[in-house]
Every structure is written in C-alpha cells, then in structure tokens.
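1. Prediction below, plus the sequence it came from.
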Number of protein chains: 2
Amino acid sequence: MKAVCLLSGGMDSATLAYLARDQGHQVYCLHFNYGQRTERKERTSAQKIATLMGAEEFVEIDLSYLTWFGGSSLTDHRLPVDTYQEDRREIPNTYVPFRNANLLSIGTSYAEARGAGSLFIGVQSQDYSGYPDCRPQFIEAFQRLIDAGTREGTSIRIMAPFLTMTKREILTIGSRMKVPYEYTWSCYQNEDRACGVCGACYFRRTAFESLGLRDPIPYEED
Amino acid sequence: MKAVCLLSGGMDSATLAYLARDQGHQVYCLHFNYGQRTERKERTSAQKIATLMGAEEFVEIDLSYLTWFGGSSLTDHRLPVDTYQEDRREIPNTYVPFRNANLLSIGTSYAEARGAGSLFIGVQSQDYSGYPDCRPQFIEAFQRLIDAGTREGTSIRIMAPFLTMTKREILTIGSRMKVPYEYTWSCYQNEDRACGVCGACYFRRTAFESLGLRDPIPYEED
C-alpha cells in the first residue's frame, strides 16, 4: 500500500508521515523548495524525518517560480514576516498564492506515476483561519479534480487526517507515536533559533505549552 | 485587462494567445519545459509567438520533475512515441500523469500574483479523446478549485475557448487572425522536420488539408 506524503519538515507533516507509516503504508516523501526563508533548515528537517521513519523515497522539488511570481513575505525577503495577531481579519502576508494546489498537483502526478493510492497532506484547522488553500472545501474540490483528471482505473484519495484538528491534538497523536520533534522546524523566519513570534512559532509553542510538554527546539529568547 | 496564457508553441496555443490579445487582454505567457523530446523547438516557437503578438511577459517554467516521475513517452526517451490510431481505446503513451493540473495550478498562482482575471488554456475536443486532464469536466473541476482556493475578492476565470472545437475550427479562426503558423511546432517526436505520423502531426495535417491550406512547416516526407 503506497502513499505519497507531503513533508515540509514541520511538526504537522512529520506527524503525518509517522501516521501514514503506522497505518501500514510504504511512504514516498515529497519536499518542496519554493524559496522560503528557512528552506535550508526545512530540507534538513524533512530529510532527517524521512530517514528516521523509513521512507521508500525522498524527493525534493524546486518550485522557485513561486518566488519569481512574488507577493508573499515567505519568499520575498524584502517584506517583513507578519507576526501572529489574534484579531487579524486579512490573510497573513506569508500566504503564497494557490501554493497548495501546486503541491497537490505534483503529489498527484507522483502518486499516479508510482501507483500510490493515497496522498497525505498535513493541513489543519488553524491553517485555514488564514489561508484559502487550506480549507476543507479546497481539499474536497481537489479530490473532485483528481477524480476528473486522472486515468480511468486510477484511484487516489487525498488523506488530510488533521483537517479538523488543532496543533494540540496533532501533538497528542504525535507524542504517542514518539515523533522526534527535535528534528522538525516550524519558524517562518529563522534557521538557528526559532523567533517565537511568527504565526508558525505561536501555534507550535501554544500546542506544547497546553500539553505541558517541552518543545525540544531552541528559541531566540531561551 | 490582464490574462495569463499557457503557450506551448503549438498551433492551438499560438491561436489562443492571438485570440486573447484580440479580445483586448494584456497577455502574460507561461511556457513549460517538462523534459519533452521536442522542448528546444517548442520553446523557440513559443518565444517567437510571444514576441510577435506583443506579450507583456514570457515566463518559462521548468517542470523536469515530471520527467523524473516517469511513465510517459513524451518525457522518457527510451519509450517509442505512440503513432495515431483511430481505433485506439487506451490512453496514448504520450500522456503525462495529471500534467494539466500542474500547468493550471502554476497559471493560477501567476494570475493571482499579477492580478490577472483570466487564465487561457488551449485544450480542444480532439485532446480529450485520449487525455483525462483535457476533458470539459476536468476544466470545470479546476474552476471550482480556483474559486475555493484563492484569496477572497480574487476572481480568475479559466478560458478554454477551444474546448468543444476541432483543430480545423481553431485553424479557421487563426487564419482569420493571421497567426504565423510557420513559427509553431506540434510534432511530439522531431525538432527539424515534423514526423507526420504521431498524434499531434496527424491532427495538425488533417486540419490544414481539410481547409485546403498549406502547412508552412517542413515534414520528413517533403
């Protein structure tokens, strides 16, 4: 039972890869470089996780055209990264236009070429507070696209097991599976010590704190 | 009025770019290199067409990961290219898994970043005899994906004006607009003289012959 797993190197996707494996899949990991600030650190994290969980393949794909198109602080290093604000109404400037459709399209091509029946993506409920391409209706629309656009006889299901979960719930599951979170990276801004204030850091820290767990990665303020 | 136009360099997409311009759009051309056999020739053709029709931008994107995934004779040069067979029931081996979803996702990211309201793609009725990602239901499913996955307030419409047309009808429109077909390339197999027998050559030649027009490109048998 083959599965493709989108593996950024963050805590959600690391948990996802372990979950896919524990469900009995042979896991084919896809990692994306799209010119994000912390790419070097994310790649190292994703590779380490893939090795530790025994992935069949680890493929890195370069999407640097997303940098070229511009418009996001994740890829345009002249823009400051938005910090987390609870009352924010607009989409954070870390949004990369239609990014997840790019990732899922490539994942589907890979799954179809390898004969994999599942495509795992780690989107979770706190993502779609801000990003339109993380919402349940987006994932459902993508499933219909796969059904319409792949070879007859092909069946690829998008697996988004964390879609309605919070990071706290994901961490609960991951802790049970002993996911090595010391090798994961979430911060949007730094590669050595996590900034602690960007959206990704905020949700990660809050999840660890709410479970009374120690986050094993270093933070700037430590 | 900005429009993104997927421009392979073949006769359909060249006609499409001219049509978009004639409808009053500023045209942003996207060309894809995915390791297909005739890429050098296609790129030259697409660039020439973009220049002649006065495109705002010409962007080339490398999708060579599709080569790496394998499974298609277009990108795996060890496999022979299927010749056209009228009674073929299976999908031709030139099919690249889920290719058009990759192209449309990138096109949507580009359109969203540039503020373009239209995304032109040159799929036509003779394509979806074989390829699942050229069918009307695939295009409709992609429109729903765009609506679900882009920023609120963004409106990007997929324009597939040739969706129900044959190549003969496309050629009729293009001839009226004086599309310079001598700079387009369709053959899947050769870059100097078109082979005349692959599916792309078959449909192109039949279209020219049925209208009593001379195809200005050289063929092997000439």
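-> That came through, no problem.

2. Now do the strands in chain A.
-> Using DSSP state E, the strands found in chain A span residues A:2-6, A:26-33, A:57-62, A:118-120, A:157-159.

3. for those strands, which one sits closest to chain B?
-> Evaluated with CB to the nearest CB, these place strand A:57-62 nearest to chain B, the distance being 5.0 Å. To be clear about C-beta, it is placed using only N, CA and C from the backbone, and glycine gets the same treatment.

4. So in that sheet, which strands flank that closest one, and in what orientation?
-> strand A:26-33 (parallel) (DSSP bridges).

5. got the buried residues for the partner strand?
-> A:27-33 (16 or more other CB atoms under 10 Å in any protein chain shown).

6. okay, the angle between that strand and strand A:2-6?
-> Here the directions of strand A:26-33 and strand A:2-6 differ by 20 degrees (axes from the mean of the first three to the mean of the last three CA atoms, to 10 degrees).

7. Which residues does strand A:26-33 contact?
-> If you take CB atoms under 8 Å, 6 or more residues apart in numbering or on different chains as the criterion, strand A:26-33 is touched by A:1-9, A:17, A:20-21, A:39, A:42-43, A:46-47, A:50, A:53-64, A:103, A:106-107, A:110-111, A:114, A:116.

8. Helices of chain A, start to end?
-> Counting by DSSP state H, the segments of chain A that form helices are A:11-22, A:39-52, A:65-69, A:99-114, A:136-149, A:167-176, A:199-210.

9. Serialize those helices to a markdown table and add fields for mean neighbour count.
-> A markdown table is the format used below for these (neighbours: other CB atoms under 10 Å in any protein chain shown):
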| stretch | mean neighbour count |
| --- | --- |
| helix A:11-22 | 25 |
| helix A:39-52 | 20 |
| helix A:65-69 | 20 |
| helix A:99-114 | 25 |
| helix A:136-149 | 21 |
| helix A:167-176 | 19 |
| helix A:199-210 | 20 |
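
10. and these, which one is worst for confidence?
-> The minimum mean pLDDT among the helices of chain A belongs to helix A:65-69 (a mean of 81).

11. ok so, going back, now the strands of chain A in JSON lines, with mean pLDDT?
-> Below are these laid out as JSON lines (pLDDT from 0 to 100):
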{"stretch": "strand A:2-6", "mean pLDDT": "98"}
{"stretch": "strand A:26-33", "mean pLDDT": "96"}
{"stretch": "strand A:57-62", "mean pLDDT": "93"}
{"stretch": "strand A:118-120", "mean pLDDT": "98"}
{"stretch": "strand A:157-159", "mean pLDDT": "98"}
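
12. so can I have TSV of the ones you listed showing distance to B:Trp185?
-> Shown next, in TSV, are these (distance: least, CB to CB, whole Å):
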stretch	distance to B:Trp185
strand A:2-6	33
strand A:26-33	31
strand A:57-62	26
strand A:118-120	34
strand A:157-159	36
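
13. and of those strands, who's closest to A:Pro216?
-> Evaluated with CB to CB, the strands of chain A place strand A:26-33 nearest to A:Pro216, the distance being 21.2 Å.

14. angle of that closest one against helix A:11-22?
-> Using the same axes, to 10 degrees: strand A:26-33 against helix A:11-22 is 160 degrees.

15. picking that back up, would TSV of the helices of chain A with distance to B:Asp133 be doable?
-> Converted to TSV, these look like this (distance: least, CB to CB, whole Å):
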stretch	distance to B:Asp133
helix A:11-22	26
helix A:39-52	28
helix A:65-69	20
helix A:99-114	10
helix A:136-149	4
helix A:167-176	33
helix A:199-210	33
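
16. Identify whichever of those helices lies nearest to B:Ser210.
-> helix A:136-149 (29.8 Å).

17. do the closest one and chain B meet?
-> Yes. Applying CB under 8 Å from any CB of the partner chain, one finds helix A:136-149 touching chain B at A:137-138, A:140-142, A:144-149.

18. Give me the residues contacting that helix.
-> Outside helix A:136-149, the residues that touch it by CB under 8 Å, 6+ apart are A:100-101, A:104, A:108, A:119, A:121, A:123, A:128, A:132, A:156-158, A:160, A:163-164, B:98, B:100-101, B:132-133, B:135, B:137-138, B:140-142, B:144-145, B:147-149.

19. export that helix as CSV, just CAs?
-> Output of helix A:136-149 as CSV, limited to C-alpha atoms (Å, rounded to 0.1, in the frame of the first residue of the first chain):
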residue,chain,number,x,y,z
PRO,A,136,-11.9,21.8,3.8
GLN,A,137,-13.8,23.0,0.7
PHE,A,138,-10.5,23.4,-1.1
ILE,A,139,-9.4,19.8,-0.2
GLU,A,140,-12.8,18.5,-1.3
ALA,A,141,-12.6,20.4,-4.6
PHE,A,142,-9.1,18.9,-5.2
GLN,A,143,-10.4,15.4,-4.6
ARG,A,144,-13.0,16.0,-7.4
LEU,A,145,-10.3,17.3,-9.6
ILE,A,146,-8.3,14.1,-9.1
ASP,A,147,-11.3,12.0,-9.9
ALA,A,148,-11.9,14.0,-13.1
GLY,A,149,-8.3,14.3,-14.3
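
20. and that helix, how far out from the chain's middle?
-> 18 Å (CA atoms, centre = their mean, to the nearest Å).

21. angle of that helix against helix B:99-114?
-> Helix A:136-149 runs at 140 degrees relative to helix B:99-114, counting by the same axes, to 10 degrees.

22. would a markdown table of the buried residues of strand A:26-33 with distance to B:Gly174 be doable?
-> Formatted as a markdown table, those follow (distance: CB to CB, whole Å):
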| residue | distance to B:Gly174 |
| --- | --- |
| A:Val27 | 48 |
| A:Tyr28 | 42 |
| A:Cys29 | 45 |
| A:Leu30 | 39 |
| A:His31 | 42 |
| A:Phe32 | 38 |
| A:Asn33 | 39 |
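
23. Hmm, A:Gly199 and A:Ser186 touching each other?
-> No. Under the criterion of CB atoms under 8 Å, A:Ser186 makes no contact with A:Gly199, lying 9.5 Å away.

24. For A:Arg193, list the residues it contacts.
-> By CB under 8 Å, 6+ apart, the contact set of A:Arg193 is A:218-220, A:222.

25. biggest separation within the residues you listed, which pair?
-> Largest separation among the contacts of A:Arg193 by CB to CB: A:Pro218 and A:Glu220, giving 8.1 Å.

26. Identify the contacts common to these two.
-> In contact with both A:Pro218 and A:Glu220: A:193-194, using CB under 8 Å, 6+ apart.

27. which one is A:Ala17 nearest to, not counting chain neighbours?
-> Ranked by CB to CB, 6 or more residues apart in numbering or on different chains and with sequence neighbours excluded, the top spatial neighbour of A:Ala17 is A:Cys5, at 4.9 Å.

28. With that, I have no additional questions.
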